[in-house]
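**Q** what follows is a predicted structure for the sequence shown.
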Amino acid sequence: MRSFRQNCWIALAAALVITAIIAAGALGRVDRWAQDHLFQQPGAASSDIVLIGIDEASLQELGPYGSWGRDVMASALEALAADPDRLPAVVAVDTLYAGESDPEGDARLAAAASRLPAVVTAVLADFGASYQAAENGGVSVNSYAVLRLEKPYNALAEATVQGHINAMFDSDGILRHGVLWVDAPAEGRFYSMACETARLFLAQSGRELRLPATDVRGRYYIPFTGKPGGYSDGYSLSSLISGEIGPETFAGKIVLIGPYAAGLQDAYSTSVSRSEQMYGVEIQANMIQAFLEDNRKQEVPDGPQLAVLFVLSFAAALLFMSLQLKAAAFVTAGLVIAGPAAAWALYAAGFVTHVTWLPAAALLLFVAAIARRYLLALLERQRVTRTFERYVAPEIVQEILKEGTDSLKLGGRLCDIAVLFVDIRGFTAMSERLDPEKVVPILNRYLAVTSSCVERNRGTLDKFVGDATMAFWGAPLPSEDPVFAAAKTALEILRGTEELSAQLKAELGEELRVGIGVHYGPAVVGNMGSERRMDFTAIGDTVNTAARLESNAPGGTVYVSRAVAEALAGRATVAPLAEKLKLKGKAEGFEVFTLTALDS
C-alpha cells in the first residue's frame, strides 16, 4: 500500500510537469504542423463556385492593374448580366472600390451591379490599438480596434451587399482562420465576404446559413477543401469581358472575381498549402464552400484538453511503473497512434483538437519511466555494492559488476600474486582469560586495523579466518608493484597493532602481538565453491607458503620468502634467518627473511 501511494505521488508529479510543459506552448509549431497535415485533406471543389481571375492574361490585354478604371469591372458585371435568363446567383468581387473617382465609371459600375441578383463588394478594416479612459480613472487598451474602414462609394454600396476581406494569420504566418465579422465604430458589424456570399446563395433556395463558433475576435477555423488551383478552370477576366465565356458557365452559380497573378500580391500560405501560396480569391472560395456544406469546425478550448491530458498522463505514468519495459513500450506505441486517431475522429465530428499532445506526453512518460528504472537500478547497484563490500573486497565487487554474470561462474586463472597472512599470537589464551563480550570488540578493532591497511594499499582482502586475515595483490586487478604493496601493508599492520596493543594495555591490561608472512609466486585466482555458494579467493602453493611463514613468525615479526626479498632488493631492509625453516609441506628447508623496514 505504501509503495502504491508513493507511485501515485510520482505519477501525479510527472503528469503535472508534462501538462505544464505542454500548456506553456512547447509543442506550438509542431502541433499546428500536425493539425495541418492531418486535418486539411483536399477534396472536390464545389461546382456551384466559378472563379474568374484577374490573371496575367488580363493584365497583358487590359494593361497594368493600377491603370484600370472602374469601367473594367463594370464591363465584367455587364457581361455576367448580358443574358437575363442565365444570370449568376451571386457575384463576389474581391477588390476594393473605396471612395469616388471617375463619376461616369462609378455610375456605370453601380448600375452594372444593380442588374445582377446579388453582388457582394469588399470592405477592409484597418486594425490597431485604441486607448480609452476607464471608469477607475485609468486607461483601457483595445489592441484589436478598427481604426479605419475602407468601403465602397455610396452608389456602389447601395447597389451591393458589403462583406469584409480581412485575413488574420497565426503566429507562424500561416492562414488557418477566417474572420467571421468585424465591428467598426459608428458603422456596425460587417460579416465576411465569404459569409455574405454563402448567405445570399442559400437564401435563393430557401435555406438558412448556419454560422460557425468563433472566439472573441470573431475568428473561426477554416476547413479547406481545395489546394492552390483547385477552383480554377482557367477563366480570365479579359475572356469574360470579350464574351469568350458563355453564360451557361456561371448561370445560377456563385461567381468569384479577384486577383490571380503573382504581381498583384494577394497570395498567402495556408494550412492546406504551406509550400505553395494560395490566392485570396481561392481562400474565399474555400470559405464559401465550407459555409455551403455546413462544414463547421469548433476548436476545443485548451482547458478541457489539458484536463484530459493530465488524467491520461497520470494513468499512463502509474501504469508504466508497474509494467515491464517491453509492455510499457507497447502501451506507448498505442498512445502515440491513439492520439492522432482520436483527433481525426473528433475532427470528423466537428471538433478541432491538438494532435501531438497525447503522443508527446506518452513518449515523455516512457522516457521518464526508462530514466526512473535506470536510476533505481543504479541506486540498487550502489546499495548492493555497499553491502557486498562489507563481505568482499571492493576490487572483487567492482570486477563482478564490470564483467557481469560471466564473472560469477566457477573457475579461475593462473597469475602471479603477493600473498599476506597475519594472525594474533596468543589469541586463544586471551579468549580463555576474557569474557566473550570483551573478546569480540578486541577482535573487531584488530580486524579493522588489518582491513584498513590492506584497502589503503589497494590489496584484495580475501577473508577473515578467526583472528587471521588473508590478503593478496595482483588480482583481480593488475598491480604495478604487488610485492612492495604487500610488504608496506605488513609493516603498517605491525605499527597499527602496536598502537592498538598500547590502548588495550591501558584499558584491559592485555597486549596484542601479531605474526605476518608474505610470499610471492603463481596462484590460481577466481571463484571457488559450488553454483549455490562460492568464494572469490586464491589457491595454490604460494598461498600455502605465505600461511606457513605467518604461522612461524614470532609476535611483532614479518617473515618473507626469498622471492619477496629479491623483489624488494635495494628498497627494503631484510635479514635472513640463521637457519632455514622446515615448513609444513616442504621436503627441504625453506629460506626465510625478516623484513624490518622499507625505503620510501
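**A** Okay, I see it. Numbers count the residues shown, from 1 in each chain.
**Q** poorly predicted segments of the stretch 451-600 of the chain, please.
**A** Along the stretch 451-600 of the chain, the parts satisfying pLDDT under 70 run over 531, 587, 600.
**Q** contacts only, for residue 453.
**A** 489, 492-493, 496 (C-beta atoms under 8 Å, 6 or more residues apart in numbering). Where you see a C-beta, it was placed from the backbone N, CA and C, and this is true even at glycine.
**Q** to clarify, my last question referred to residue 199.
**A** With contacts taken as C-beta under 8 Å, 6+ apart, residue 199 has the following neighbours: 191, 209, 291.
**Q** in strands only, show me those residues.
**A** residue 191 (DSSP state E).
**Q** of the contacts of residue 199, just say which sits nearest to residue 435.
**A** Nearest to residue 435 out of those is residue 291 (C-beta to C-beta; 101.4 Å).
**Q** count of neighbours near the closest residue in space to that closest one that isn't next to it in sequence?
**A** In space, and not counting its chain neighbours, residue 291 is closest to residue 198: 3.4 Å by C-beta to C-beta, 6 or more residues apart in numbering. Neighbour count of residue 198, defined by other C-beta atoms under 10 Å: 30.
**Q** could you look up the SS state of residue 198?
**A** helix (DSSP: H, G, I helix; E, B strand; the rest coil).
**Q** that one: what's it in contact with?
**A** 209, 288, 291-292 are the contacts of residue 198 under C-beta under 8 Å, 6+ apart.
**Q** most widely separated two among the residues you listed?
**A** Every pair of the contacts of residue 198 checked by C-beta to C-beta; the farthest is 209 and 288, at 10.6 Å.
**Q** now do stretch 68-88: distance from first to last residue.
**A** 24 Å (C-alpha to C-alpha, to the nearest Å).
**Q** pull out the buried residues from it.
**A** Neighbour-count burial for stretch 68-88, counted by 16 or more other C-beta atoms under 10 Å, picks out 68, 70-81, 87-88.
**Q** how close does the nearest residue to residue 508 once chain neighbours are set aside sit to residue 444?
**A** Spatial nearest neighbour of residue 508, chain neighbours left out: residue 438 (6.8 Å); criterion: C-beta to C-beta, 6+ apart. Distance of residue 438 to residue 444, computed by C-beta to C-beta, to the nearest Å: 11 Å.
**Q** so between the two, which is more surrounded?
**A** residue 438 (16 against 10).
**Q** for that one, pull up the helix or strand it's in.
**A** helix 436-456 (DSSP states H and E).
**Q** list the contacts of the helix or strand following that helix.
**A** Scanning forward in sequence from helix 436-456 by DSSP H and E, the next helix or strand is strand 460-465. The contact list for strand 460-465 (C-beta under 8 Å, 6+ apart) reads 393, 395-396, 447, 451, 454-455, 469-473, 475-476, 535-538.
**Q** what is the subsequent helix or strand relative to strand 460-465?
**A** Next helix or strand after strand 460-465 toward the C-terminus (DSSP H and E): strand 468-473.
**Q** could you chop the chain up by domain?
**A** Following automatic domain parsing, one gets these domains for the chain: 2-27+300-384, 47-292, 406-598.
**Q** in which helix or strand does residue 489 reside?
**A** helix 482-508.
**Q** what angle sits between that helix and strand 468-473?
**A** Calculated by axes from the mean of the first three to the mean of the last three C-alpha atoms, to 10 degrees, helix 482-508 forms an angle of 150 degrees with strand 468-473.
**Q** now helix 482-508: buried residues?
**A** Neighbour-count burial for helix 482-508 [16+ other C-beta under 10 Å]: 482-494, 496-497, 500-501, 504.
**Q** which elements pack onto that helix?
**A** Packing contacts for helix 482-508, counted by 3 or more C-beta pairs under 8 Å, 6 or more residues apart in numbering; DSSP states H and E, involve strand 411-425, helix 436-456, strand 468-473, strand 513-529, strand 557-561, helix 562-567, strand 592-598.
**Q** spit out the contact partners of residue 490.
**A** 420, 422, 516, 518, 558, 560, 595.
**Q** ok, now how distant is it from residue 159?
**A** Per C-beta to C-beta, residue 490 is found 116 Å from residue 159.
**Q** please apply the same query to residue 377.
**A** Look at residue 377 and residue 159: by C-beta to C-beta, they are 80 Å apart.
**Q** then residue 547?
**A** Applying C-beta to C-beta to residue 547 and residue 159 gives a distance of 119 Å.
**Q** helix, strand or coil for residue 256?
**A** Relying on three-state DSSP, one would call residue 256 strand.
**Q** follow-up on the earlier one: more crowded one of residue 377 and residue 159?
**A** residue 159 (19 against 10).
**Q** can you give me the helices for the stretch 201-350 of the chain?
**A** Using DSSP state H, counting those that start in this stretch, the helices found in the stretch 201-350 of the chain span residues 237-242, 280-292, 302-320, 325-348.
**Q** got a list of contacts for the shortest one?
**A** What it means is helix 237-242. 52-55, 57-58, 61-62, 72, 75-76, 79-80, 245, 257.
**Q** can you dump the C-alpha atoms of it in PDB for me?
**A** Extracted as PDB, the C-alpha positions of helix 237-242 are listed here (Å, rounded to 0.1, in the frame of the first residue of the first chain):
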ATOM      1  CA  LEU A 237     -11.500  38.400 -66.600                       C
ATOM      2  CA  SER A 238     -10.400  39.500 -70.000                       C
ATOM      3  CA  SER A 239     -12.100  36.400 -71.500                       C
ATOM      4  CA  LEU A 240     -15.300  37.200 -69.600                       C
ATOM      5  CA  ILE A 241     -15.300  40.800 -70.900                       C
ATOM      6  CA  SER A 242     -14.600  39.700 -74.500                       C
END
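**Q** tell me the mean pLDDT for that helix?
**A** Mean per-residue pLDDT for helix 237-242: 95.
**Q** cool, the third one as well?
**A** Across helix 302-320, pLDDT averages out at 95.
**Q** now the spatially most central residue of the chain. Nearest residue, chain neighbours left out?
**A** Centroid-nearest residue in the chain, with C-alpha atoms, centre = their mean: residue 364, separated by 5.2 Å. Spatial nearest neighbour of residue 364, excluding adjacent residues (C-beta to C-beta, 6+ apart): residue 18 at 5.4 Å.
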